[in-house]
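**Q** sequence first, then the predicted structure, then my questions.
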Amino acid sequence: MKNNLIKIFNYNDVKDNKPYEIEIKNKKLLLIKVNNDLHVISNYCLHKGAPLSKGKITDNVVECPWHGCKWNLITGENNHNSMKLKKYDYKLINNGIYIHDF
């Protein structure tokens, strides 16, 4: 992992329970704030490739819009099998949300 940080969004622009699709270096990430906690994970369901940013958000779970698989935003785990979404650590710096370059 590189040490450079990439700004992905402004914190004040993030609305609660509203998913945001962020594209960085041809990777699509899902940014969401639930109960004042930010989550940055891979945006695609590992089963069929559905964009999770189009899914239903309930508590700390996003539901795949294509087949209903539920992914935990905190752990990246799902309710079907042992597959796990990639989670990205972030830093808040002067209202900016940053992740490490990859």
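**A** Okay, I see it. Numbers count the residues shown, from 1 in each chain.

**Q** so what's I41 up against?
**A** By Cβ atoms under 8 Å, 6 or more residues apart in numbering, the contact set of I41 is L29, L30, L52, W71, L73, G76, L85, K86, K87, Y88. (Each C-beta comes from the backbone N, C-alpha and C, glycine too.)

**Q** change it to 10 Å
**A** Listed by Cβ atoms under 10 Å, 6 or more residues apart in numbering, the contact set of I41 reads 29-32, 52, 62, 71-76, 84-88.

**Q** from K33, how far off is the closest residue to M83 other than its chain neighbours?
**A** Spatially, and ignoring its direct neighbours in sequence, M83 is nearest to L46 (4.5 Å; Cβ to Cβ, 6 or more residues apart in numbering). Distance, L46 to K33, using Cβ to Cβ, to the nearest Å: 23 Å.

**Q** for G96, same thing?
**A** Distance, G96 to K33, by Cβ to Cβ: 14 Å.

**Q** these two: which is more packed in?
**A** Set side by side, G96 and K33 show unequal neighbour counts under other Cβ atoms under 10 Å, the larger going to K33 at 19 against 16.

**Q** helix or strand for that one, which one?
**A** Using DSSP states H and E, K33 sits in strand 27-34.

**Q** report all helices and strands that that strand contacts.
**A** The contact analysis (3 or more Cβ pairs under 10 Å, 6 or more residues apart in numbering; DSSP states H and E) places strand 27-34 against strand 5-10, strand 20-24, strand 37-42, strand 56-58, strand 61-63, strand 96-100.

**Q** neighbours around the closest residue to N60 other than its chain neighbours, how many?
**A** Using Cβ to Cβ, 6+ apart and skipping residues adjacent in sequence, the residue nearest N60 is L73, 4.7 Å away. Here the number of neighbours of L73 (other Cβ under 10 Å) works out to 23.

**Q** L73 touches E63, doesn't it?
**A** No. Counting by Cβ atoms under 10 Å, L73 stays clear of E63, with 11.1 Å between them.

**Q** tell me where the protein is predicted with low confidence.
**A** Within the chain, the segments meeting pLDDT under 70 span 1-2.

**Q** cutoff 50 now
**A** 1 (pLDDT under 50).
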